[in-house]
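**Student:** Have a look at this prediction, sequence included:
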Amino acid sequence: MKMAIGMDIGGTNTKVAFVTEKAEILYSTSFATLSYAPFDDFLKRVKEKVSEGLRIVKNDYELLGMGVGAPNANPRTGMIQDPPNLGWGTVSLAKDLEDILDMPVRLDNDANIAATGEMYFGEARGMKNFITVTLGTGVGTGVVVEGALMTGA
C-alpha cells in the first residue's frame, strides 16, 4: 500500500501526518512552529518528526513523498513568499525539504489544500461549488467552482 506525508505549517503549530491512499491516518504529530526562530531550526525539527514517523510506519508502506500546505505558498516555485504570520521572509520551502528529507515535496497554499481535502474526503464531497475558510493565526480561503479549485491571481 502507498502512503504520503502531509504537513500543515501554521503560525503557531505545524502538523505532520502519514496518510494512506485511502485517507487512513497512520501516524500524526505536531510541534510549535516557532516562526520567530531561524528557518533552519524549523527544517531540523521537521526532519526529526518525519524521521520519527518513518521509524514507526515505513516498513509496511511505499512512501510517495510529502505534500505541504503553508501560507503565501507558490506551488509553481515551491517557495513561501513573506507570509505575515511567519518570520522567515521568502524561502525555498519545497526544495529545502526535498534536500533534507530525500523525497519529493509538493507545496500549495494551506487554504487550497484544505478545500481540496474537503472536496475529496470531507463535508464537501460531491459538491461542485463551495468555499472553505481556514481560521488560525491567519485567515485563508479555498474556492471551488464547477468542481475545480480556483488558483492564481
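**Tutor:** It's in. Numbering: from 1, shown residues only.
**Student:** surely residue 124 meets residue 115?
**Tutor:** Yes - between residue 124 and residue 115 a contact is recorded at 7.5 Å, counting by CB atoms under 8 Å. In this view, the C-beta of every residue, glycine as well, is placed from N, C-alpha and C.
**Student:** Would you mind grabbing the residues shared as contacts by those two?
**Tutor:** Common contacts of residue 124 and residue 115 (CB atoms under 8 Å, 6 or more residues apart in numbering): 130, 132, 144.
**Student:** any idea which helix is longest in the chain?
**Tutor:** helix 39-57 (DSSP state H).
**Student:** Show me what it is packed against.
**Tutor:** For helix 39-57, the packing partners by 3 or more CB pairs under 8 Å, 6 or more residues apart in numbering; DSSP states H and E come out as strand 2-9, strand 13-20, strand 25-32, helix 93-101.
**Student:** Could you export the ones you listed as TSV, including mean neighbour count, distance to residue 80 and mean pLDDT?
**Tutor:** Output for the helices and strands packed on helix 39-57, formatted as TSV (neighbours: other CB atoms under 10 Å; distance: least, CB to CB, whole Å; pLDDT from 0 to 100):
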stretch	mean neighbour count	distance to residue 80	mean pLDDT
strand 2-9	20	8	96
strand 13-20	18	13	96
strand 25-32	14	18	96
helix 93-101	19	5	98
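**Student:** Now distance to residue 64 too, for these, in TSV please.
**Tutor:** Formatted as TSV, those follow (distance: least, CB to CB, whole Å):
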stretch	distance to residue 64
strand 2-9	5
strand 13-20	10
strand 25-32	13
helix 93-101	13
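**Student:** returning to that earlier point: so which of the shared contacts of residue 124 and residue 115 wins on neighbours?
**Tutor:** Among the shared contacts of residue 124 and residue 115, residue 132 has the most neighbours (other CB atoms under 10 Å), with 22 neighbours.
**Student:** Please name the residues that touch residue 34.
**Tutor:** With CB under 8 Å, 6+ apart as the criterion, the residues that contact residue 34 are 41-42, 45.
**Student:** Counting neighbours, which of those comes out on top?
**Tutor:** Neighbour max across the contacts of residue 34 (other CB under 10 Å) = residue 42, 22 neighbours.
**Student:** thought that one was touching residue 88?
**Tutor:** Yes - with contacts counted by CB under 8 Å, residue 42 reaches residue 88, the gap being 7.4 Å.
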